[in-house]
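Visitor: build me a structure from this.
(2 chains)
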Amino acid sequence: METHTSQTVTRRVLVDLDRCIECGSCAAACSVSHAQVPAIHFARAGVALLPVVCRQCKAAPCVDTCPAEAMVCDDDGVVRRRLFRCVGCGSCVRACPFGVIPTRLSGTPVQSRSPDRLSGHQAAKCDLCHDRTAAGNGAEPRCVAACPSGALMFLDERTEEPLGAELLGGRTAGEHPFKRR
Amino acid sequence: MGGRGLCPRGGALGELLCHRSRIVAPGLRRDGALHLAVMSSAVGAIVDAAGEGLTVLLDGNLPAEQIAAAAGWQDRWAQLKVCLVLPPAEEQLLLGVEASGVDYLSSADLASCDGFVIVGDAFAANPMCSRGVFDRRRAEPRTPIVVIDPAVGSAAKFASHRVAVAPGMELAALASVAASADVATGAVLSGEPAPSEAGAAIAQCRRLGVILAAEHGRGAAWRQIGYLAGRLAAAKGGGVAVQTTGANALAAVRLGVRYGTVCLAEAMANDSDAKLVIGCDLAGMLGMLNLRVLGAAAALPNATTAGATIVLPVAMPGEYAGTYLLDGGSRVWVRPVMPPPAGVPTADDLIGALALAAGVRPEPVERRDSDLDRVDVPAPPPVEPPRPPRGPMLLLGRRADQAGEGALTAHAAWQAAVQPVPELRIAPADAEAAGIENFSIVTVRAANRAVKAAVKMTPELPPGVMVLPEGFPQARALLGARVDDSIGAVAASPAAVEVSA
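Guide: Residues are numbered from 1 along each chain as shown, chains lettered A, B, ... in the order given. Next up, the predicted model:
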């Protein structure tokens, strides 16, 4: 597995800010499947607390900065963390320009909560629920499947029509749902 | 699963079914400690201790078949009384809606409404109901969304019209909205309500969706609120969507009326009967942390089992099949995910074992499909408009990731991780006046009780309102539930509160 590939993911998780009711269903579903450490980060925007997920960058700074080569781009372009290589140095956390690799949960460092003592990893990393989505068949990551209000969507940027400002409710603007990524 | 989504409460079910604290054998309390016992001796001990009478306080959110079987034993065992336990506010609200005769709406039906009135934090009570509201708003961005919630929960953030309402004044606020929309309010509230701008916004609606979530600790007028909401929705060609904590509350209300079970207020006032609580956390729900009962049957330890002399195991949701009245009153047959652990009975089996131990002869229970049909309930009497509260008042607010009093969800790893201590939402002005800082741990005092909470300054909250999550029995204890003689039901009201660093 290479640290970088020429592939980029084509289906991404998109958040419709006008639909998120902050119920935490996405993080709960992620937590169940990622050893009780959710890979979803919550960002405060004014009075709102919004889920932010990894954007699966093509040239991912977290991959470049990882000294243990634990962060890799797999053959499908998904940025993943190899558990047994991670030394918990936190380089990826600092390198991420979007701040989506969480380090704390309710004020407590995620590392101390992690049941994965062997690797002592710093935080969960969104892998787009590769175990579900790699097979195709329209499967969605668990956070999207669990979202009750329809705020989280798993869209293919090659085939989806540009939904523009209506989709995003005008809050994040943009002619195309992926423009701000 | 609910619709297309994984229910945030159901997400924890798999973890709870095999929880390490699962109660799988009876226990008898001696000298303050529980000692393991066999089922026959535990059942015999309850029958012996019951003597003249036994009141079974049964979880109202069980499948209809189990409720019918329990009520069937009540007919044959003279000493037995069955009480179906629902959150008191929800039970009153549903009775009011039933009395109004309005149609129920499912979450999917909401997308066809052209305006919404939301009472309480319905989006937190059932996040699925938000999808229909958002689908409608996407099709028509100017759809009026009127929200009446003094705790300013998640639904209030999406309001086009947020009605300013003091704690416990929801009925007055709803009456103002209804009056402005030309709906008579005299049947439920004395006096003339003030006109409301929000009411004018829904006046032109042709299909109004009224979404209701009965909040614990917001006064005693929920029956009137349900009735008025039903009248308002019917007048505007729409319907009501009631979001309840449990899955089968509507069935419990209908079956309770039809089978003649005793109400919670009557059961609590009856000191002569021994009490056996099955499947629900009565002490946690009412905030009566010192409640002492003869027996408690539960899947996981809770505040009620802590005060019970005899603790019994019982099956939990996911381990039994049965009929539920779900979204919009439709009947759904739910299959079990897995069988209960060996030797763990369902609630109706447990009552049957008690009856047999008391020498009652079993007979087949006749249950008709029509038992789940709408019941005739009288309209609630009008009430006086309550006085606006003075000083800081404590409310309980819902969280989508906790169900009810948190008896089950408190055992789930995710829920325990995200909120290890209750979060006190407070207006910045109140925090400044009390000299407390954001994220600090403070002591909240009310009704001679105190609870530690983490401060979360919330600018959208009006001054004078503080909110604790309802999923903590210690927080519920601050409000002090009581039997309200004016309505003959259990109720809790917002409490005057002190906060100190």
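Visitor: residue B:75: neighbour count?
Guide: 13 (other CB atoms under 10 Å in any protein chain shown). To be clear about C-beta, it is placed using only N, CA and C from the backbone, and glycine gets the same treatment.
Visitor: then residue B:356?
Guide: 15.
Visitor: which secondary element of chain A has the worst mean pLDDT?
Guide: Lowest by mean pLDDT, DSSP states H and E among the helices and strands of chain A is helix A:164-168, with a mean of 40.
Visitor: OK, contacts around the nearest residue to residue B:63 once chain neighbours are set aside?
Guide: Residue nearest to residue B:63 in three dimensions, not counting chain neighbours: residue B:322, with 2.0 Å by CB to CB, 6 or more residues apart in numbering or on different chains. Counting by CB atoms under 8 Å, 6 or more residues apart in numbering or on different chains, residue B:322 makes contact with B:62, B:63, B:64, B:65, B:66, B:333, B:334.
Visitor: and the gap between the second one and chain A?
Guide: If I follow you right, that is residue B:63. 23 Å (CB to the nearest CB, to the nearest Å).
Visitor: try residue B:383
Guide: Residue B:383 is 32 Å from chain A, by CB to the nearest CB.
Visitor: contacts only, for that residue.
Guide: B:171, B:188, B:189, B:190, B:221, B:224, B:486.
Visitor: who's the spatially closest residue to residue B:438 that is not a sequence neighbour bridged to?
Guide: Computed as CB to CB, 6+ apart, the closest residue to residue B:438 that is not its neighbour in sequence is residue B:457, at 4.7 Å. As for beta bridges, residue B:457 partners with residue B:426 under DSSP bridges.
Visitor: quick one: residue B:77 from residue B:357, how far?
Guide: In this view, residue B:77 and residue B:357 are 11 Å apart by CB to CB, to the nearest Å.
Visitor: which one of the two has more residues nearby?
Guide: A direct count of neighbours by other CB under 10 Å for residue B:77 and residue B:357 places residue B:77 higher, at 19 against 15.
Visitor: got a list of contacts for the top helix by length along chain A?
Guide: Assignment by DSSP state H gives helix A:25-33 as the longest helix of chain A. By CB under 8 Å, 6+ apart, the surrounding residues in contact with helix A:25-33 are A:37-40, A:42, A:51, A:124, A:126, A:129, A:142-148, A:152, B:5-8, B:11-12, B:14-15, B:127, B:400-401, B:413-415, B:417-418.
Visitor: and those residues, which are buried?
Guide: Neighbour counting over the contacts of helix A:25-33 (16 or more other CB atoms under 10 Å in any protein chain shown) leaves A:37-40, A:42, A:51, A:124, A:126, A:129, A:142-148, A:152, B:5-8, B:11-12, B:127, B:400-401, B:413-415, B:417-418 as the buried ones.
Visitor: where does residue B:173 land on pLDDT?
Guide: In this model, residue B:173 is scored at 89, pLDDT.
Visitor: do residue B:466 as well
Guide: So, for residue B:466, pLDDT stands at 92.
Visitor: which phi and psi does the residue in the stretch 201-350 of chain B that chain A sits nearest to have?
Guide: Residue nearest to chain A within the stretch 201-350 of chain B (CB to the nearest CB): residue B:243, separated by 11.7 Å. Residue B:243 adopts backbone torsions of phi -100, psi 110, taken as degrees, to the nearest 10.
Visitor: distance check, it against residue B:30.
Guide: 43 Å.
Visitor: same check on residue B:434?
Guide: Distance, residue B:434 to residue B:30, using CB to CB: 46 Å.
Visitor: tell me which of those two has more neighbours.
Guide: For residue B:434 versus residue B:30, neighbours defined as other CB under 10 Å are more numerous around residue B:434 (16 against 9).
Visitor: distance of the more buried one from residue B:463?
Guide: 11 Å.
Visitor: can you check residue B:192 too?
Guide: 28 Å.
Visitor: also residue B:284?
Guide: For residue B:284, the distance to residue B:463 - CB to CB - is 30 Å.
Visitor: what of residue B:253?
Guide: 37 Å.
Visitor: residue B:180 too?
Guide: Distance from residue B:180 to residue B:463, by CB to CB: 26 Å.
Visitor: who's more crowded, these two?
Guide: Set residue B:180 next to residue B:463 and count neighbours by other CB under 10 Å: residue B:180 wins out with 19 against 14.
Visitor: pLDDT score assigned to the more buried one?
Guide: pLDDT, read off for residue B:180, is 84.
Visitor: wait, it touches residue B:192, no?
Guide: No. Residue B:180 is beyond contact range of residue B:192, at 11.9 Å (criterion: CB atoms under 8 Å).
Visitor: just the helices in the stretch 201-350 of chain B please.
Guide: Secondary structure of the stretch 201-350 of chain B (DSSP state H, counting those that start in this stretch): helices located at B:222-235, B:249-259, B:264-269, B:282-286, B:303-306, B:347-357.
Visitor: er, chain A I mean
Guide: A:25-33, A:61-65, A:91-95, A:110-113, A:130-133, A:142-146, A:164-168.
Visitor: what comes into contact with the second one?
Guide: Which is helix A:61-65. A:3-4, A:71-73, A:79, A:91-92, A:94-97, A:101, A:125.
Visitor: would you mind writing the CA trace of it as PDB?
Guide: The C-alpha trace of helix A:61-65 is given here as PDB (Å, rounded to 0.1, in the frame of the first residue of the first chain):
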ATOM      1  CA  PRO A  61      -1.200  16.700   4.900                       C
ATOM      2  CA  CYS A  62      -1.800  14.100   7.500                       C
ATOM      3  CA  VAL A  63      -0.300  11.500   5.300                       C
ATOM      4  CA  ASP A  64       2.700  13.700   4.500                       C
ATOM      5  CA  THR A  65       3.400  14.500   8.100                       C
END
